[in-house]
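> please work out how this folds:
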Amino acid sequence: MPQAKRSRVNPIDALVLTRERIQEVLDDAVERGRMTRDDATQLLSELVRRGTAPAAGLLREVDRARRAAGLGASFPIEGYDDLTAAQVAERLDDLSVAQLRQVHDHERRNANRKSVLTAVERKLP
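As a prediction, the model looks like this:
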């Protein structure tokens, strides 16, 4: 039971910062010579990953359940256009070959992110 209590978010302890605001602060630190650009980029990536990981896992489970129940949208990954490349790559494991091709075609026609296209191509036979 104590584990469940620790996973709850206390609104008083919650802090919301936009990615853009964090980027501004890190850019300022780089300009002042307090950190390198590579360190700033790595820190921002890690903060975003940690902040979105719980939601990404939940969305993955919801997508899996919807597909299993036959309730999914016509596109294999719900909310696709709002996902980062890393989030898309995490969701490819559960897709059929036809769905992978559908994602590949959509990505090529729209955002054309090389990392997504490469991840899909690795999954295709």
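
> contacts only, for H106.
Neighbour list for H106: F75, Y80 [criterion: CB atoms under 8 Å, 6 or more residues apart in numbering]. Using the backbone N, CA and C atoms, a C-beta is placed for each residue, glycine as well.

> where's G57 relative to L124, distance?
Here G57 is placed at a distance of 25 Å from L124 (CB to CB, to the nearest Å).

> which strand or helix spans the residue positioned nearest the centre of the chain?
The structure's the chain has its C-alpha centroid closest to Q87; by CA atoms, centre = their mean the separation is 2.9 Å. Secondary-structure element containing Q87, defined by DSSP states H and E: helix 85-90.

> and that helix, what other elements does it pack with?
Taking 3 or more CB pairs under 8 Å, 6 or more residues apart in numbering; DSSP states H and E as the contact definition, the neighbouring helices and strands of helix 85-90 are helix 37-68, helix 114-123.

> following element in sequence after it, please.
helix 97-109.

> could I have that next one exported to PDB, CA atoms only?
These are the backbone C-alpha positions of helix 97-109, laid out as PDB (Å, rounded to 0.1, in the frame of the first residue of the first chain):
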ATOM      1  CA  VAL A  97       3.600  -5.300 -41.000                       C
ATOM      2  CA  ALA A  98       0.700  -3.600 -42.700                       C
ATOM      3  CA  GLN A  99       0.400  -1.100 -39.800                       C
ATOM      4  CA  LEU A 100       4.200  -0.500 -39.900                       C
ATOM      5  CA  ARG A 101       3.900   0.300 -43.600                       C
ATOM      6  CA  GLN A 102       1.000   2.600 -42.900                       C
ATOM      7  CA  VAL A 103       3.100   4.500 -40.200                       C
ATOM      8  CA  HIS A 104       6.000   4.700 -42.600                       C
ATOM      9  CA  ASP A 105       3.900   6.100 -45.400                       C
ATOM     10  CA  HIS A 106       2.300   8.700 -43.100                       C
ATOM     11  CA  GLU A 107       5.600   9.700 -41.700                       C
ATOM     12  CA  ARG A 108       7.200  10.100 -45.100                       C
ATOM     13  CA  ARG A 109       4.300  12.200 -46.300                       C
END
